[in-house]
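[1] with the sequence up front, the predicted model follows.
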Amino acid sequence: MITSFGSELAEQIARPKILIVDDIHANLIAMRKLLRGIDAEIMAVDSGNEALSLALDHQFALILLDVQMPDMDGFEVATFLRDNPVSAETPIVFLTASNTDEFSQLKGYMSGAIDYVGKPINERILLSKVAIFLELYQHKQRLVSALTEVHRQRQILQATFDSVADGVIATDNAGRVAWMNPSAQRMTGWDVAEAIGKVLDEVFPLVTAGGTPLNDALFDEPSKASDAASQAMLRTRSGGRFAVTRSASMVRDTAGKAFGGVIVFHDASDAYARQLALIGRAETDPLTGLLNRAGFNKRLQALLHGARDRNTDLALLFGDLDRFKQVNDLHGHAAGDVVLKEIAVRLSNCVRDEDIVARWAGDEFAVLMLCENPSIAQQMARRLAETVAGPIDIGKNDLRATVGISIGISMASAADWNQQVLLERADSLLYETKAARKRVPT
């Protein structure tokens, strides 16, 4: 027979339940009166079998179990309760009217009981013990609930990290990889099982567009990190490279002590390609496809530093077309454009792969070349003049135009490696050459 007290509150899942097991019905009624002030759902049964049946379906905060019962005594019931996963951790307090000797107590503890309450029941002792066990149960439930919520939040976070396109890498306080999401594994080429424990620089090596390792700290101030990220390339495990943007932050405990870090990075290949395209358009002459003045000056500045460091000289050949104005005047600007495009092709085909050709302005062209002495630059100037001098089909009634080119040569060493002086000397020497050619009778 089952007697349930406080059934009106049975639907409250968080409310603790207490099970009383005693074969004497009057004892069950008495226990109910003693526990009437306890905030718990009280369930009572008069046999061990009924107790075991309820224990399969309910999670009890406490079981008050009579020792002396027919058919199945309290020791047997306790043993079965301990074997049931649902009730294995439920506290069992034996109720006994006999003077419990040491052997009986030992038998009770071995069967799963954790305490005894003698009969007749002392109300104070019973209520005190019940209150303690209920408090422990509530603490446990709160802890279980908190752990369940932590697990749930972790699962949500894990699912979020697994689904985002951005790569996420977590490190420990020694700068070693502790975790990576699938996107990070895909982009870096590292499997998480292999990456864990390796230094971050090995798994996530950043380099400049030119391949120089970036040694700046990943966890610098956000402003520095953003500046570095805009030019950072990630070198993958297989040796490939692609542009990334990234942000990084330290993870700290409540005392402010860092115990790791998190890096979030994004594949910026498309943005980098668009940036290069914009730079290319900004530095390219639209008519000839050669570098324009801005692009030429940028490379000149880089070569001036590089050539001086490599202990070699740099020659600037500054050229201006001869008789080009006559082509425009006689055949129009469309014909002039045809001539400029053809000259650009001829100059590009004449120079070496490492040399740089640009359309400076109008009918002016410039060539940069690394060379050991001025004589090499002079030989190049003669080849350029020869290739320019050939007739050009301007596509107008089989008409052909013939132009020449005057070239001024300036050496970086003679200009003391000063970009402005180098340009001015080349320009001055060009017009000296042009003036000298005008004085020569044709």
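    All right, it came through fine. Numbers count the residues shown, from 1 in each chain.

[2] for Leu56, helix, strand, or coil?
    Of the three states, Leu56 takes helix under DSSP: H, G, I helix; E, B strand; the rest coil.

[3] quick one, what contacts it?
    84, 86 (C-beta atoms under 8 Å, 6 or more residues apart in numbering). Where you see a C-beta, it was placed from the backbone N, CA and C, and this is true even at glycine.

[4] how close does it sit to Phe80?
    11 Å (C-beta to C-beta, to the nearest Å).

[5] and for Ala40?
    Ala40 is 23 Å from Phe80, by C-beta to C-beta.

[6] mind showing which ranges of the stretch 1-150 of the chain have poor pLDDT?
    1-14, 98-105 (pLDDT under 70).

[7] go with 50
    1-13 (pLDDT under 50).

[8] the strands in the stretch 201-350 of the chain, which residues?
    206-207, 233-235, 241-252, 258-267, 313-322 (DSSP state E, counting those that start in this stretch).

[9] please disregard the earlier target; I meant the stretch 51-200 of the chain.
    62-66, 92-96, 115-118, 167-172, 177-180.

[10] between Ala40 and Phe80, tell me which one has more neighbours.
    The neighbour comparison of Ala40 against Phe80 (other C-beta atoms under 10 Å) goes to Ala40, with 20 against 17.

[11] quick check on that one: phi, psi?
    Backbone torsions for Ala40, taken as degrees, to the nearest 10, come to phi -160, psi 160.

[12] and the gap between Leu303 and Phe296?
    10 Å.

[13] between the two, tell me which one has more neighbours.
    Taking neighbours as other C-beta under 10 Å, Leu303 and Phe296 compare with Phe296 leading, 24 against 19.

[14] apart from its neighbours in sequence, what residue is nearest the more buried one?
    Ala358 (3.7 Å; C-beta to C-beta, 6 or more residues apart in numbering).

[15] report the contact partners of the one you found.
    By C-beta under 8 Å, 6+ apart, the neighbours of Ala358 are 285, 290-293, 295-296, 365-367.

[16] take those residues and write them to JSON lines, including pLDDT.
    JSON lines is the format used below for the contacts of Ala358 (pLDDT from 0 to 100):
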{"residue": "Asp285", "pLDDT": "92"}
{"residue": "Leu290", "pLDDT": "93"}
{"residue": "Leu291", "pLDDT": "92"}
{"residue": "Asn292", "pLDDT": "93"}
{"residue": "Arg293", "pLDDT": "93"}
{"residue": "Gly295", "pLDDT": "91"}
{"residue": "Phe296", "pLDDT": "93"}
{"residue": "Phe365", "pLDDT": "96"}
{"residue": "Ala366", "pLDDT": "95"}
{"residue": "Val367", "pLDDT": "96"}
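
[17] out of those, which are buried?
    285, 290-292, 295-296, 365-367 (16 or more other C-beta atoms under 10 Å).

[18] which one of those residues is nearest Pro91?
    Gly295 (82.4 Å; C-beta to C-beta).

[19] contacts only, for the closest one.
    With the criterion set at C-beta under 8 Å, 6+ apart, Gly295 makes contact with 282-284, 358.

[20] most neighbours among those, which one is it?
    Ala358 (26 neighbours).

[21] just put the buried ones among the contacts of Ala358 in TSV and tack on distance to Gly404.
    Formatted as TSV, the buried ones among the contacts of Ala358 follow (distance: C-beta to C-beta, whole Å):
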residue	distance to Gly404
Asp285	21
Leu290	19
Leu291	23
Asn292	23
Gly295	26
Phe296	22
Phe365	12
Ala366	17
Val367	16
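
[22] how much space separates Lys107 from Thr96?
    12 Å.

[23] er, Gly289 actually
    103 Å.

[24] of the two, which one has the most company?
    Set Gly289 next to Thr96 and count neighbours by other C-beta under 10 Å: Thr96 wins out with 19 against 12.

[25] dig out what the residue most central in space within the chain forms beta bridges with.
    For the chain, the residue nearest the mean C-alpha position is Val264 (2.5 Å; C-alpha atoms, centre = their mean). In this entry, Val264 is beta-bridged to Val168, Ser247, by DSSP bridges.
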